[in-house]
Each structure stands twice: as C-alpha cells, then as structure tokens.
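Colleague: this one's structure only:
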C-alpha cells in the first residue's frame, strides 16, 4: 500500500504523541519517568562527572525505549487477537523480558555510579 509522504513536522508530532500515550496509559512508564527524575536529581546533587552521567543517561534511555517497544508490541497483539494464544503470550512475555533486562542493567549502572556517593553522603563523609 502506497502512502502519501507526510510533512516532517507531522512525523515529529506523531512520535511525541506516542511518548505521551505511553506515559499517560502505562503505569510502568510513569514509574520509569519518576525514576529518571530521581536519578537525574541525585546526579546533580552528587555532582556526577559527565562521563558517568552519560552511562546513567544511556541506561535510562535504554529502559524507556524498551518500555515503549513493549507497549507497542502489547498494543499490536491486543489489536490482532482477543483470544488466548500461546504465541501472543510469548510475544508479550519476551517484550516484558526486554524491559526487565534493561531495568536490571540500569539498576547495576545506577548502583555502580551512585551507590558509593550516596553511602558517603548519608554517612556524612
């Protein structure tokens, strides 16, 4: 099916709408957004160096992107079938597993970069 080319501005608006949809409708996306704000705030307070900040940002973006892909897969599966099907369940579980993997990675990165700084901050040293 051939489609008419849309203006670039419309493509950006559609992408932004997708981000807003994910935040508005997905509890886990709101949790990720809150954790992102927490990590960025702590990074500023603890004066995390730029290179380490890049690792934190990369981990956060990795989680958000996988969550959005997961939402897209779940929405597509729900659109294509309303009946239980092992392959539909598997598609959703694999997508959720990708988010879990990204989240665990982000947790490790956050711990390695922020852990000792937080410990020193709370212990007064």
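Modeller: Yep, that arrived. Not measured: the values here are computed from a predicted model.

Colleague: any idea which helix or strand carries the most centrally placed residue in the chain?
Modeller: In the chain, the centroid-proximal residue (C-alpha atoms, centre = their mean) is residue 64; its distance is 1.3 Å. According to DSSP states H and E, residue 64 maps onto helix 50-80.

Colleague: elements contacting that helix?
Modeller: helix 8-25, helix 27-45, helix 86-122 (3 or more C-beta pairs under 8 Å, 6 or more residues apart in numbering; DSSP states H and E). (Glycine included, C-beta is placed from N, CA and C.)

Colleague: So what's the gap between the last one and the chain middle?
Modeller: Meaning helix 86-122. 10 Å (C-alpha atoms, centre = their mean, to the nearest Å).

Colleague: With the shortest one instead?
Modeller: The chain centroid and the centroid of helix 8-25 are separated by 15 Å under C-alpha atoms, centre = their mean.

Colleague: Which positions in that helix come out as buried?
Modeller: Buried residues in helix 8-25, counted by 16 or more other C-beta atoms under 10 Å: residue 22.

Colleague: Next, the angle from it to helix 27-45.
Modeller: 100 degrees (axes from the mean of the first three to the mean of the last three C-alpha atoms, to 10 degrees).
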